[in-house]
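Peer 1: Structure for this input, please:
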Amino acid sequence: MLARSDGVGTVEQMADLGRRARAAARPLAIAGSDRKNAALVAIANAIEQSIDKILYANAADMASGIETGLSPASMDRLKLTSERIADMANGIRAIADLADPVGAIMAAWERPNGLKIERVRTPLGVIGVIYESRPNVTADAGALCLKAGNAVILRGGSDSVHSSAAIHACLAEGLKAAGLPQDAIQRVPTTDRAAVGEMLKGLAGNLDVIIPRGGRSLVERVQSEARVPVFAHLEGICHLYIDGSANLDMAVAIAVNAKMRRTGICGAAETLLIDRAVADTHLVAVLEALADAGCEIRGDGDVVAAFPSAHEATAADWNTEYLDAIVSVRIVDGVNAAIDHIETHSSHHTEAIVAEDAVVVERFFNEIDSAILLHNASTQFADGGEFGMGGEIGIATGKMHARGPVGVEQLTSFKYRVRGTGQVRA
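Peer 2: Residues are numbered from 1 along each chain as shown. A predicted model of the protein is given here:
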């Protein structure tokens, strides 16, 4: 059923998706690990066998993106290559290899009265994922939700509509091959914005959790309008602090990688903080390496004085997720000032420190309240696959339930099983 322009068709369409997802969630929740893993392997095989179809669909999205003037960062997120598609398939196989979280006993204890209590992982139920121009999220989200025993409704952006449809066809093929309900992974087939509104309302109680993955405007809308719980992935204003004890060669290598490996991902460093104690020895070397890699430098007065090709940073720069080859740079008076800056301007996504002083590192780890903290490593490791989770739906920057990479364990809840021998309460 195609959505009518007045939005009524979309309302009916979304209600139907919700009902079908709820119906699929129950058999999926009790499906054995072997069947879920068989579906995942079949999905990975289907993706590899459909590389040409997926690339053809992606070419249509890329052409449309050029016509509509998508930013370079958005185009990078949208673009698929044979290598990226192969990585997508391998990521799904890695998810299949993970331990099944469903039914895992998280804790167990016995009460003095003989009651035996277990806390056991269970699926969340039906998850809605709303995302923008990242077609790979279609595969990652579908596979992770499947592994965790959840049905999922995927609403990708209009920028990636053809790519997402081609990938979703592979997901449906894998479910069918394993004898699992194809409604367990559904894709919203309309680009009508009213579809998002219906998901935020909860699809008549059929949606248990919403996960938004996109820009600030999308996430803020979801957070303000959603009537169901949200795993928020806000922007990635990530910081790299180079301490006075940092090794120079390491600092240069990490700074260039953290900023320039892929500028359009949420784990890319956006602000570089350098300890004044090593400004004379480290600052110019780091900035020259960044500039040679094609990065624009925006710095405070001290940075511009030492590196004249840098542009003067504005107040807005310290709160900007560039998703581009731009970095804001500030000289700070040691770890105290670095922590103060980060806690003031960070989106609480990912922060990294380059340092050899163990005391400084522990202070950084203990006093900064971000989802991911790294020592002597690039911020671009802020990724569920790099954490050994097989993939992720996003990086949750909130504090409730899931935080950091949202992988299979984070897509579960729990219940208590209590076993007695006839006990009654006085």
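Peer 1: List the residues that contact the nearest residue to Ala184 once chain neighbours are set aside.
Peer 2: Nearest in space to Ala184, with sequence neighbours left out and distances taken as Cβ to Cβ, 6 or more residues apart in numbering, is Ala24 at 4.3 Å. Every C-beta, even on glycine, is put in place using the N, C-alpha and C of the backbone. For Ala24, the contact set (Cβ atoms under 8 Å, 6 or more residues apart in numbering) comprises Ala151, Pro181, Gln182, Asp183, Ala184.
Peer 1: Mind doing that once more with 6 Å?
Peer 2: Ala151, Pro181, Asp183, Ala184 (Cβ atoms under 6 Å, 6 or more residues apart in numbering).
Peer 1: And the average pLDDT for stretch 73-86 is what?
Peer 2: The average of the pLDDT scores along stretch 73-86 is 92.
Peer 1: go on, stretch 314-322?
Peer 2: So the average pLDDT for stretch 314-322 ends up being 96.
Peer 1: and if you look at stretch 179-194?
Peer 2: pLDDT averaged over stretch 179-194 gives 94.
Peer 1: picking up where we left off before, ok, the residue nearest to Ala184 to Gly197 distance?
Peer 2: 23 Å (Cβ to Cβ, to the nearest Å).
Peer 1: for Asp300, same thing?
Peer 2: For Asp300, the distance to Gly197 - Cβ to Cβ - is 43 Å.
Peer 1: May I ask which of the contacts of Ala24 has the most neighbours?
Peer 2: Neighbour tally across the contacts of Ala24 (other Cβ atoms under 10 Å): the maximum, 31 neighbours, falls on Ala151.
Peer 1: Kindly report the domain assignment for the protein.
Peer 2: The chain breaks down by automatic domain parsing into domains covering 8-233+406-418, 238-381.
Peer 1: Out of these, flag the one nearest Thr397.
Peer 2: The minimum distance between Thr397 and the domains of the chain falls on domain 238-381, with 5.0 Å, by Cβ to Cβ.
Peer 1: Count residues in the vicinity of the spatially closest residue to Leu115 that is not a sequence neighbour, would you?
Peer 2: Spatial nearest neighbour of Leu115, excluding adjacent residues (Cβ to Cβ, 6+ apart): Gly420 at 5.3 Å. Using other Cβ under 10 Å, Gly420 has 12 other residues around it.
Peer 1: where in the stretch 201-350 of the chain is pLDDT low?
Peer 2: Counting by pLDDT under 70, the ranges of the stretch 201-350 of the chain that qualify are 234.
Peer 1: and if you look at the stretch 1-150 of the chain?
Peer 2: Looking along the stretch 1-150 of the chain with the criterion set at pLDDT under 70, you get 1-8.
Peer 1: for it, what spans make up the strands?
Peer 2: 105-110, 116-123, 126-131 (DSSP state E, counting those that start in this stretch).
Peer 1: Now those strands in TSV, please, with extra columns for mean neighbour count and distance to Val329.
Peer 2: Below are the strands of the stretch 1-150 of the chain laid out as TSV (neighbours: other Cβ atoms under 10 Å; distance: least, Cβ to Cβ, whole Å):
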stretch	mean neighbour count	distance to Val329
strand 105-110	10	44
strand 116-123	17	44
strand 126-131	28	31
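Peer 1: Val284: which of those strands is closest?
Peer 2: For Val284, the closest of the strands of the stretch 1-150 of the chain is strand 126-131, at 39.9 Å, according to Cβ to Cβ.
Peer 1: Tell me which residues are up against the closest one.
Peer 2: So strand 126-131 is contacted by 21-22, 25, 137, 141, 145, 150-156, 199, 206-214 (Cβ under 6 Å, 6+ apart).
Peer 1: In its sheet, which strands sit next to it, and in what direction?
Peer 2: strand 151-155 (parallel), strand 209-213 (parallel) (DSSP bridges).
Peer 1: how close does the spatially closest residue to Asp369 that is not a sequence neighbour sit to Thr271?
Peer 2: Closest residue to Asp369 apart from its sequence neighbours, by Cβ to Cβ, 6+ apart: His348 at 6.2 Å. Remark: distance between His348 and Thr271 (Cβ to Cβ) = 14 Å.
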